[in-house]
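Undergrad: let's see this in three dimensions:
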Amino acid sequence: MVHLWLRSESRDNEQRAGLTPEGARQLRAGGFRITVEDSPHRILPTADYAAAGAEIAAPGSWSEAPADAIVFGLKELPPGGPLVHRHIMFGHAFKGQPAGQALLRRFRDGGGRLLDLEYLTDDSGRRLAAFGHWAGFAGAAISLKAWAAQRRGTICGPVAAWPTQEQLKAELRAELDATGAPRPCALVIGALGRVGGGALALLTAMGVQAMRWDMAETAGGGPFPQILAHELFINCILAGPQTPVFVAPDAVEPGRLLTVIGDVACDPSSDFNPVQVYDRVTDWAQPVTRVAEAPPLDVMAIDNLPSLLPRESTLDYAAQLLPVLGELDRGGPGPWARAEATFAAHLARLD
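TA: Alright, predicted model coming up:
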């Protein structure tokens, strides 16, 4: 019997979950044992999980879970010692990030394993479940808020989660209209993917015309001066060894129309970062970092963007992932075996 343990998220502003109460009900019907940690922050009430037959545990008690439990969360774990369980989460540990290397050492020291959701793929390498649409949607929204703030002579202020996408759109449309300026011209790289689709959905809803680039337009290698000829640039490409530089360090210099970069795929600590004008992620309290003046250049690089729309992103992602979770008890080749092999390969290269 698979024992799936849904942990409470320890990161600030994180209300999402990777499993809904209905999903828990379906997994239990398939023979799973489900434990759900209580959480006052999760967008879906703990009582609904209990009504679906899940066992309820104290927040953060996953470290005391039975050794065979598979601990399931979304964002990073709190600091701590060796990890003895199998963990399902976004580990951000396989691209040389310093925090990722520390996480891998915790697994090595405890004998646990990381089944990274980012590397849970089908036979062709496509991710089986992703928050990409809502990351792009929210990232484009915050980028437009940054542009509107520049029109007011200020910088984008703190943001908080919206109850629904309709409330986000109504608020943002009013903010853009209040500037009295025409909508900005935009360029989206990664327009054919989930993230780019979400960004374009928001931009279209706000009346913003966007040039759409994907692999064909970037195949020749960068940097790309065309980006600097747009007021708004949204990067939706998950960087890898073959990703060209989109925006070079000298892009901060005057002589550009570009004033806002929305780096939805933000990974500034990676060796593959294609947006080379900033070196740290931003957050809800300070959504952008200003990297140049006269004209200003603000970079939005929030790394938990789907959390700004926790209900939509939870329901969408959990529905995508549920069939894959149902395969946890199956042996042989498949997405979980591939994820474990990816972990093993990176663990073997650890210093």
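
Undergrad: when you work out contacts or count neighbours from here on, use the C-alpha atoms and nothing else.
TA: OK.

Undergrad: can you map out the helices along the stretch 151-300 of the chain?
TA: Per DSSP state H, counting those that start in this stretch, the stretch 151-300 of the chain carries helices over the ranges 165-178, 194-205, 215-218.

Undergrad: does D68 touch V84 like I think?
TA: No: look at D68 against V84 with C-alpha atoms under 8 Å: they stay out of range, at 9.5 Å.

Undergrad: who's more crowded, the two?
TA: V84 (17 against 13; other C-alpha atoms under 10 Å).

Undergrad: can you give me the strands in the stretch 1-150 of the chain?
TA: 3-6, 33-37, 55-57, 70-72, 86-89, 113-116 (DSSP state E, counting those that start in this stretch).

Undergrad: which one of these lies closest to D303?
TA: strand 86-89 (14.5 Å; C-alpha to C-alpha).

Undergrad: helices or strands next to the closest one in the packing?
TA: If contacts are counted by 3 or more C-alpha pairs under 8 Å, 6 or more residues apart in numbering; DSSP states H and E, strand 86-89 sits against strand 70-72, strand 113-116.

Undergrad: could I get these in TSV, plus columns for mean neighbour count and distance to A102?
TA: Below are the helices and strands packed on strand 86-89 laid out as TSV (neighbours: other C-alpha atoms under 10 Å; distance: least, C-alpha to C-alpha, whole Å):
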stretch	mean neighbour count	distance to A102
strand 70-72	24	19
strand 113-116	24	13
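
Undergrad: as TSV, those with mean pLDDT would be great.
TA: Rendered in TSV, the data for the helices and strands packed on strand 86-89 read as follows (pLDDT from 0 to 100):
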stretch	mean pLDDT
strand 70-72	98
strand 113-116	97
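
Undergrad: now these as JSON lines including distance to A161?
TA: Listed next are those as JSON lines, based on distance: least, C-alpha to C-alpha, whole Å:
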{"stretch": "strand 70-72", "distance to A161": "23"}
{"stretch": "strand 113-116", "distance to A161": "25"}
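
Undergrad: which residues in the stretch 1-150 of the chain form helices?
TA: Taking DSSP H, counting those that start in this stretch as the test, the helices found in the stretch 1-150 of the chain are 21-29, 46-51, 98-110, 132-151.

Undergrad: report the mean confidence score over the second one.
TA: Computed over helix 46-51, the mean pLDDT rounds to 98.

Undergrad: what of the first one?
TA: Taken as a whole, helix 21-29 has a mean pLDDT of 98.

Undergrad: residues in contact with it?
TA: With contacts defined as C-alpha atoms under 8 Å, 6 or more residues apart in numbering, helix 21-29 is touched by 33-34, 44, 48-49, 51-54, 318-319, 322, 326.

Undergrad: 7 Å instead, please
TA: I34, D48, Y49, A52, G53, A54, L322, G326 (C-alpha atoms under 7 Å, 6 or more residues apart in numbering).

Undergrad: so how far is that helix off the chain centroid?
TA: 25 Å (C-alpha atoms, centre = their mean, to the nearest Å).

Undergrad: may I have it exported as PDB, CA atoms only?
TA: Extracted as PDB, the C-alpha positions of helix 21-29 are listed here (Å, rounded to 0.1, in the frame of the first residue of the first chain):
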ATOM      1  CA  PRO A  21      -9.900  16.400  -1.200                       C
ATOM      2  CA  GLU A  22     -11.600  14.800  -4.100                       C
ATOM      3  CA  GLY A  23      -8.200  13.600  -5.300                       C
ATOM      4  CA  ALA A  24      -7.500  12.100  -1.900                       C
ATOM      5  CA  ARG A  25     -10.900  10.300  -2.100                       C
ATOM      6  CA  GLN A  26     -10.000   8.800  -5.400                       C
ATOM      7  CA  LEU A  27      -6.600   7.700  -4.300                       C
ATOM      8  CA  ARG A  28      -8.000   6.000  -1.200                       C
ATOM      9  CA  ALA A  29     -10.500   4.200  -3.400                       C
END
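
Undergrad: which residue ranges form the strands in the stretch 151-300 of the chain?
TA: Under DSSP E, counting those that start in this stretch, the stretch 151-300 of the chain gives strands at 186-189, 210-213, 232-235, 260-263, 288-292, 297-300.
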